[in-house]
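In: Coordinates only, no sequence provided:
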């Protein structure tokens, strides 16, 4: 039986240091941008320890920072990528200058708005994006049309659209406002454009979509573009992190109904 080499996978170490997600780190390695002990590596199947000297793009890897988590009110019209091939403005173009390098937990579409979680820790990002995490994400959705409560029963039962199976959603019809209806939708996994595609299958067009919560974290009264950091103790409690910075993978608590996250620091975004 072959013994497992000591240390952690190089992609995990890069992710923990906030360089990139594990998948992105593996891509960087394949591109020849990562060196260990002076030698460029070509495969991510390598374990490293604190004794190893790691360089990315010729620069020494920084020591892993303590995990941090922020709430961000994403405005409509921004894409949730680090770089857009079409030259559109990204959320990272608009974040405050004093924020460290962060990664988004999942995405919101170009025309969607509301709560987006940001973190400097790749392990937290990965854990919170897993469907098995089970955290409820809630959205306020404006639809063009005059649906009844019964209209949404197929969404509550679970729906298949163009070969993609959507898990049952929690849907509440809130009110009719002229030609539009407002509904609240809750789901525990976020497939690409899931709510929009599901509503279109019912003959309803989404003309506004706002994420209002992600698990225990709430959008509240945050204005578009605002960033609030979660207090470290609250973050550790909600994510199940141990007390030692940079140690241990998060083990998130399951299900909704956790206490509302307390805001710590308000940062004024640039240009607002």
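Out: Okay, I see it. This structure is a prediction, so every number in the text was calculated from the model and none was measured.

In: can we go C-alpha only for contacts and neighbour counts from here?
Out: OK.

In: wait, isn't residue 224 in contact with residue 78?
Out: No - with contact defined as Cα atoms under 8 Å, residue 224 does not reach residue 78; the gap is 11.2 Å.

In: More neighbours: which of those two?
Out: Higher neighbour count among residue 224 and residue 78: residue 78, with 20 against 16, using other Cα atoms under 10 Å.

In: Kindly state the pLDDT recorded for the more buried one?
Out: pLDDT, residue 78: 95.

In: Quick check: it touching residue 116?
Out: No - here residue 78 lies out of contact with residue 116, judged by Cα under 8 Å, at a distance of 12.0 Å.

In: For my notes, confirm residue 151 occurs in a helix.
Out: Yes - looking at residue 151 with DSSP: H, G, I helix; E, B strand; the rest coil, it is inside a helix.

In: which non-adjacent residue is nearest it?
Out: Ranked by Cα to Cα, 6 or more residues apart in numbering and with sequence neighbours excluded, the top spatial neighbour of residue 151 is residue 202, at 7.6 Å.

In: do the same with residue 181
Out: Residue 181 sits nearest to residue 143 (Cα to Cα, 6+ apart), 5.1 Å away.

In: Repeat that for residue 5.
Out: Residue 5's closest residue in space is residue 47 (Cα to Cα, 6+ apart), at 6.4 Å.

In: how about that neighbour, what does it touch?
Out: By Cα atoms under 8 Å, 6 or more residues apart in numbering, residue 47 lies in contact with 5-10.

In: Which parts of the stretch 151-272 of the chain are strands?
Out: 159-161, 164-166, 170-177, 180-187, 205-214, 217-218, 227-230, 263-267 (DSSP state E, counting those that start in this stretch).

In: Out of those, the one nearest residue 40 is which?
Out: Proximity to residue 40 (Cα to Cα) singles out strand 227-230 among the strands of the stretch 151-272 of the chain, at 36.5 Å.

In: Pairing partners for the closest one, with directions?
Out: Here strand 227-230 has these sheet partners by DSSP bridges: strand 69-74 (antiparallel), strand 263-267 (antiparallel).

In: comparing the ones you listed, which gets the lowest mean pLDDT score?
Out: strand 263-267 (a mean of 37).

In: does the residue nearest to residue 181 sit in a helix or strand, and which one?
Out: When elements are assigned from DSSP states H and E, residue 143 belongs to strand 137-144.

In: Does residue 212 touch residue 222 like I think?
Out: No - Residue 212 is beyond contact range of residue 222, at 10.1 Å (criterion: Cα under 8 Å).

In: Between these two, which is the more surrounded one?
Out: Using other Cα under 10 Å as the criterion, residue 212 and residue 222 rank with residue 212 on top: 23 against 17.

In: Across the sheet, point out what pairs with the residue nearest to residue 5.
Out: Bridge pairing for residue 47 (DSSP bridges) gives the partners residue 9.

In: Distance check, it against residue 13.
Out: Distance, residue 47 to residue 13, by Cα to Cα, to the nearest Å: 9 Å.

In: between these two, what contacts are shared?
Out: Here residue 47 and residue 13 have no joint contacts, going by Cα under 8 Å, 6+ apart.

In: what are the ranges of the strands in the stretch 1-150 of the chain?
Out: With DSSP E, counting those that start in this stretch as the definition, the stretch 1-150 of the chain shows strands at residue ranges 8-9, 34-36, 39-40, 47-48, 54-56, 59-60, 69-74, 103-104, 113-119, 137-144.

In: ok, and what's touching the fifth one?
Out: Read it as strand 54-56. With Cα under 8 Å, 6+ apart, strand 54-56 has contacts from 33-38, 60-61.
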